[in-house]
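# Quick check, what structure comes out for this input:
(chains A and B)
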Amino acid sequence: DVKVTQSSRYLVKRTGEKVFLECVQDMDHENMFWYRQDPGLGLRLIYFSYDVKMKEKGDIPEGYSVSREKKERFSLILESASTNQTSMYLCASSSSPGTGYSDEQFFGPGTRLTVL
Amino acid sequence: GENVEQHPSTLSVQEGDSAVIKCTYSDSASNYFPWYKQELGKGPQLIIDIRSNVGEKKDQRIAVTLNKTAKHFSLHITETQPEDSAVYFCAAPSGYSTLTFGKGTMLLVSP
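Predicted coordinates:
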């Protein structure tokens, strides 16, 4: 059974703290994604990676960075957390399409981050 | 980039009724349209998808229709059950392996 795991289900941090959100997938997928989910705004892409050490900005990268040192692990970093980064963060992975079509994304359960 | 609009934002139906959620997209080159279901406390999960070479696809009680000329696609759920209650997202490709998601529809099925 395919699996995407995230390091924490709930996280509470203080303004200005450095925050690490970890994501691990066991499907040998090339692509990994970080989204944030807010009521009324749906899923918005923060960053994605299509290979080890590769990263691309999504729609809302400001205030975030990422790291992908190993194929199975993709980390989201909040260098200096702010209250407007309070949100649900979802990690996903997918295989490379190869044929030009997009492929199914498998999501983790999410991390609800609160920044006080 | 791709823009995906999804309606309605909330939908309440009685058990056994049908539910329809509609999405429009902007990029006429888009060729893949998935639907995801997110249950409470879980991440979204793919329930059905359609590629641009077909107009309709069915899987038991759910179906998706695609109108490429009008650039819209719809999710149809028949004989709804309480376990269908969830948030549903449509999506369309927005670049290499990436998707743009609609804002979601909260479906509530009352017994």
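
# Where do the strands of chain B begin and end?
With DSSP state E as the criterion, chain B has strands at B:4-7, B:10-14, B:19-25, B:32-38, B:45-51, B:56-59, B:62-67, B:72-77, B:86-95, B:98-101, B:105-110.

# Repeat that for chain A.
Going by DSSP E, chain A shows strands at A:4-6, A:10-13, A:19-25, A:31-38, A:42-49, A:56-57, A:65-70, A:73-78, A:87-94, A:106-107, A:111-115.

# Pull up the pairing partners for the first one, direction included.
In the sheet containing strand A:4-6, its partner strands are strand A:19-25 (antiparallel), by DSSP bridges.

# Let me see the contact set for the residue in chain A that chain B sits nearest to.
Here the residue of chain A nearest chain B is A:Phe107; by CB to the nearest CB that distance is 3.1 Å. C-beta here means a position set from N, CA and C on the backbone, and glycine is covered the same way. Residues near A:Phe107 by CB atoms under 8 Å, 6 or more residues apart in numbering or on different chains: A:4, A:90-92, B:36, B:43-45.

# Quick check: ChimeraX command selecting the buried ones in these.
Written as a ChimeraX command, the selection of buried residues from the contacts of A:Phe107, which uses 16 or more other CB atoms under 10 Å in any protein chain shown, is:
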select /A:4,90,91,92 /B:36,43,44
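
# Mind putting the contacts of A:Phe107 into CSV with pLDDT and distance to A:Val66?
Conversion of these to CSV gives the following (pLDDT from 0 to 100; distance: CB to CB, whole Å):
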residue, pLDDT, distance to A:Val66
A:Val4, 96, 15
A:Leu90, 98, 14
A:Cys91, 98, 10
A:Ala92, 97, 13
B:Tyr36, 98, 22
B:Gly43, 96, 18
B:Pro44, 97, 20
B:Gln45, 97, 23
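
# Quickly list what the residue of chain A closest to chain B is bridged to.
A:Ala92.

# Over to B:Arg51?
B:Tyr32.

# Now do it, the pLDDT please.
Here, the pLDDT recorded for B:Arg51 equals 89.

# Could you do the one 10 residues further on as well?
Here, the pLDDT recorded for B:Arg61 equals 97.

# I'd say it and B:Thr78 touch.
Yes. Look at B:Arg61 against B:Thr78 with CB atoms under 8 Å: they come within range, at 5.1 Å.

# Which residue is the nearest non-sequential neighbour of the residue of chain B found nearest chain A?
Residue of chain B nearest chain A, by CB to the nearest CB: B:Gly43 (3.1 Å). Nearest residue to B:Gly43, sequence neighbours excluded (CB to CB, 6 or more residues apart in numbering or on different chains): A:Phe107, at 3.1 Å.

# Tell me, how many residues neighbour B:Ile62?
18 (other CB atoms under 10 Å in any protein chain shown).

# Can you verify my assumption that A:Cys23 contacts A:Tyr35?
No. Counting by CB under 8 Å, A:Cys23 stays clear of A:Tyr35, with 10.9 Å between them.

# Now do the shared contacts for the two.
Common neighbours of A:Cys23 and A:Tyr35 (CB under 8 Å, 6+ apart) are A:Cys91.
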